[in-house]
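Enquirer: Show me how the following folds:
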Amino acid sequence: MLFTTHSIVGAAVGVATGNPALGFAIGFLSHHVLDSIPHFDQGSFYISRQRAPYLGKFAESERDGFNGRDWVMLIIDMFLAITAFSLILFLNPQKSWLLILAGALGGLMPDIIGSSPLWSKKMAEKIKLAGVYRKFHSFFHWTVVSRKFYWGLVTQAILIAGSILFLIK
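Expert: Numbers count the residues shown, from 1 in each chain. Down below sits the predicted model:
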C-alpha cells in the first residue's frame, strides 16, 4: 500500500481507539491487514505475474535499488499524505492530534522497519530480528501487477475516503 493509505487509515485507527499507545499498536497491526488487500505500490512494477496474495516473497527482492520512478512515486505519495494530514489536523481539535499522529506512525512503522529499500535490507542482514520481521512483513503483501494498477488504486481510494470521512466527522 501507499504511504498515504497506511498513514491515514492509521490516523483513523488512532482516533477510534482514543488512546495513543493503543492507537499506535492497532495502527501497526492494521498495516498488515491493509497489505493483504489488493493494492498498487512501487512493488507493482517489480512483479511479473499476479499472485493472490503475494505470499512469502516481497516484490522488492526483484529490484536492484531505488530508481527515479520510485522516487517520483514516493514524493507524490508523501505530498498527498502531507496535504491530507494538514486538512485532517485543521479540521480536528488539537486534543486529538496525538491520537492522529500515534495511529499514523503505527500504520507506517512496518514499512519503515521492514520494506524501506534505503535501509531495510541492510538492517535485516545485520540484525537477525529485523530480518525475521522483514520476512513476516512481506508475507502479507497482495501487490497487483502494474498493468492492473487501477484495482490497487480503487481499494486504496475507498480506504482513504472512508478514513478521512471518519476523521472529519
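
Enquirer: And the pLDDT for Trp151?
Expert: The per-residue pLDDT reported for Trp151 equals 88.

Enquirer: To clarify, my last question referred to Arg49.
Expert: What the model reports for Arg49 is a pLDDT of 60.

Enquirer: So which bits of stretch 82-94 are buried?
Expert: Residues 84-85, 88-89, 92 are the ones in stretch 82-94 that count as buried (16 or more other Cβ atoms under 10 Å). C-betas here are computed from N, CA, C, even on glycine.

Enquirer: Averaged pLDDT, it. What do you get?
Expert: The average pLDDT within stretch 82-94 is 92.

Enquirer: How far does it sit from its chain's centre?
Expert: From the chain centre to the centre of stretch 82-94 is a distance of 19 Å (Cα atoms, centre = their mean, to the nearest Å).

Enquirer: Run through who's touching that stretch.
Expert: Counting by Cβ atoms under 8 Å, 6 or more residues apart in numbering, the neighbours of stretch 82-94 from elsewhere in the structure are 4, 7-8, 11, 15, 97, 100, 104, 160, 164, 167-168.

Enquirer: want to try CSV for these, with neighbour count as columns?
Expert: Conversion of those to CSV gives the following (neighbours: other Cβ atoms under 10 Å):
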residue, neighbour count
Thr4, 21
Ser7, 32
Ile8, 29
Ala11, 33
Val15, 21
Trp97, 16
Ile100, 24
Ala104, 26
Ile160, 20
Ile164, 18
Leu167, 24
Ile168, 11
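
Enquirer: From these, which land in strands?
Expert: Counted as lying in strands by DSSP state E, out of these, is not a single one.

Enquirer: Please tabulate those residues in a markdown table, including the columns pLDDT and distance to Phe79.
Expert: Converted to a markdown table, the contacts of stretch 82-94 look like this (pLDDT from 0 to 100; distance: Cβ to Cβ, whole Å):
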| residue | pLDDT | distance to Phe79 |
| --- | --- | --- |
| Thr4 | 95 | 9 |
| Ser7 | 95 | 12 |
| Ile8 | 97 | 14 |
| Ala11 | 97 | 17 |
| Val15 | 97 | 23 |
| Trp97 | 96 | 20 |
| Ile100 | 97 | 18 |
| Ala104 | 96 | 16 |
| Ile160 | 95 | 14 |
| Ile164 | 94 | 16 |
| Leu167 | 94 | 19 |
| Ile168 | 89 | 20 |
